[in-house]
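Q: could you look at this predicted model? Sequence included:
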Amino acid sequence: MENRLSEAARTGNVGALQKLLQENPLILADFALIFPYENPLHIATKARQLVFVREIIKHNPEFASESNQDGFRPMDMASTFGYVEIVTELLGAGPEICRLSGRDGKTALHYAAINGRVMVIDQLLSTCGASIKDVTALGETALHLAVKFCKFEAFKCLIKWIEQLHMEEMSVELLLNSSNIISSSLELNAMNSSGLTAMDIMDIVTEGPSDIQLREVLQSAGALKACNINGISITTSLQQFTTNNNRTYQELLPLQEPSKDWFKYFKFQQQRDSPSDVRNTLLVVAALIATVTFQAGVNPPTGFASPAPTPAPPPPPPPLATRTAPPPPAYHPSLIPALATVSGNLGSLAPTRFLFLFANTLGLFASLSIIIYLTAGFPFQRELQISIYSMMCAYGFSTAHFQPHGGTHSLVFAIASVLPFLSRWLPRWAKKAWRFWKNSSRRDIRLPRI
């Protein structure tokens, strides 16, 4: 019998419905018990059986507010498909149905805006104008969704209704002069949960001529990007305060001007600087540092390289018979003590060589670690890391010209190469260990004593 009811709902056979109700007056309740995931009103709405929908609502109007297994109500389906007549019948069961949220927090108006159903939007807002304020689970209004899915006609229809409803909390008056931009910015420039306005979404989804036309409508209506809203609000407050107190606008400018505080002006500000720009800047600086330090390690400054190998001993002197007179001394006898002092000082450069090796290696590996962290998730990630680690190994072998002293070279190189990574990961590991120890101690305290 339930299968016969489903078939009657699909084909719109009202006579079969009447016959089934005569045989079993509780067949609609039985159907809800046996098939809780979908009622006859869902089936009839999808099949666009208007007369059957009207008959079902007469017998059981509660079906209009029930969701199917996918979270869609009959009103959501009718609004998605653009069945205006069925939407009107469902609104007769209760105007509040149009504000019931379903899947992802969407209402019937949201589905109508997503699919560009202008007639459905008119019908819903003429019955329940307050539904234009409803937001989805992501904080998006019907106006956001119309822009997001490039439904230009639906967007214009929503703007028209916003003007007609004169809602104080939305304050949208689409005049073309700039004096009304602030008064219309409350809802027209509303931000979703990601902090994007309708204008920001247009920058992301602009593809065709209709998108460009929609962007022009937004601009003429006074739509703003999220990064510009706060600045205009602050400027407006300053202007109003200036008018009320007969003071000039220049007196209210912030004290921290760029010319007076350059360090703070160029300091990183999370609200102003985008993460992508900061990442690009860090990559450029890290690449420059890596280039300079790698070159300095391969070709160190004069005096830091290992001393030249000791020349071979001179040949034995010739026999006395052929021995000639000794040449005159190359240096004046008074310069010999000074040369000895200089030679002693040059011999003390060994510790300085290792300090140079430590600082240069530390700078190189710190810059390379920044590049590794900032390029995480990039395409060809495996090949990129292979090239970075290969360059590290090549640098290690190229520093062999520093004169070793009992493994000091290897020790200095190992400490300098590991230190940048440890400075990043040791605090994290310490925090995780502390949390683990803290949670385990709490669990031990909560265990009941026997």
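A: That came through, no problem. Numbering: from 1, shown residues only.
Q: which helix or strand contains the residue nearest to Leu158 when sequence neighbours are not counted?
A: The shortest distance from Leu158 to any non-neighbouring residue, by C-beta to C-beta, 6 or more residues apart in numbering, is to Leu143 (5.2 Å). The C-beta positions use only the backbone N, C-alpha and C, and glycine is treated the same way. Counting by DSSP states H and E, the element that carries Leu143 is helix 142-148.
Q: where exactly do the helices run in the stretch 351-450 of the chain?
A: 381-398, 408-446 (DSSP state H, counting those that start in this stretch).
Q: so what does the last one touch, helix or strand wise?
A: Read that as helix 408-446. helix 350-374, helix 381-398 (3 or more C-beta pairs under 8 Å, 6 or more residues apart in numbering; DSSP states H and E).
Q: quick one: that helix to helix 350-374, angle?
A: Counting by axes from the mean of the first three to the mean of the last three C-alpha atoms, to 10 degrees, helix 408-446 points 50 degrees away from the direction of helix 350-374.
Q: so helix 408-446 versus helix 381-398, what angle?
A: An angle of 130 degrees separates the directions of helix 408-446 and helix 381-398 when computed by the same axes, to 10 degrees.
Q: what is the mean pLDDT for helix 408-446?
A: Regarding helix 408-446, the rounded mean pLDDT is 80.
Q: now do the buried residues in it.
A: Along helix 408-446, the positions that meet the burial threshold by neighbour count (16 or more other C-beta atoms under 10 Å) are Thr408, His409, Val412, Phe413, Ala416, Ser417, Leu419, Pro420.
Q: against Arg424, how distant is the fifth one?
A: Distance of Ala416 to Arg424, given as C-beta to C-beta, to the nearest Å: 15 Å.
Q: likewise Glu153?
A: Spatial separation of Glu153 from Arg424 under the definition C-beta to C-beta is 53 Å.
Q: next one: Ser441
A: Counting by C-beta to C-beta, the separation of Ser441 from Arg424 is 27 Å.
Q: likewise Val217?
A: Val217 sits 49 Å away from Arg424, going by C-beta to C-beta.
Q: low-confidence ranges, the stretch 101-250 of the chain, go.
A: Scanning the stretch 101-250 of the chain for pLDDT under 70 picks out the ranges 166-187, 205-213, 229-250.
Q: all helices for it, in order.
A: Secondary structure of the stretch 101-250 of the chain (DSSP H, counting those that start in this stretch): helices located at 108-114, 118-127, 142-148, 152-165, 185-188, 198-205, 209-221, 226-245.
Q: by how many degrees do the fourth one and helix 198-205 diverge?
A: It refers to helix 152-165. 180 degrees.
Q: ditto for the second one
A: Here helix 118-127 runs at an angle of 160 degrees relative to helix 198-205 (the same axes, to 10 degrees).
Q: helix/strand/coil for Arg48?
A: coil (DSSP: H, G, I helix; E, B strand; the rest coil).
Q: now do Ser276
A: Three-state call for Ser276 (three-state DSSP): helix.
Q: from Val118, how far off is it?
A: Using C-beta to C-beta, which is the criterion applied here, Ser276 is 38 Å from Val118.
Q: neighbour count winner among those two?
A: Taking neighbours as other C-beta atoms under 10 Å, Ser276 and Val118 compare with Val118 leading, 19 against 8.
Q: list the contacts of the more buried one.
A: If you count contacts by C-beta atoms under 8 Å, 6 or more residues apart in numbering, Val118 has them with Glu153, Ala154, Cys157.
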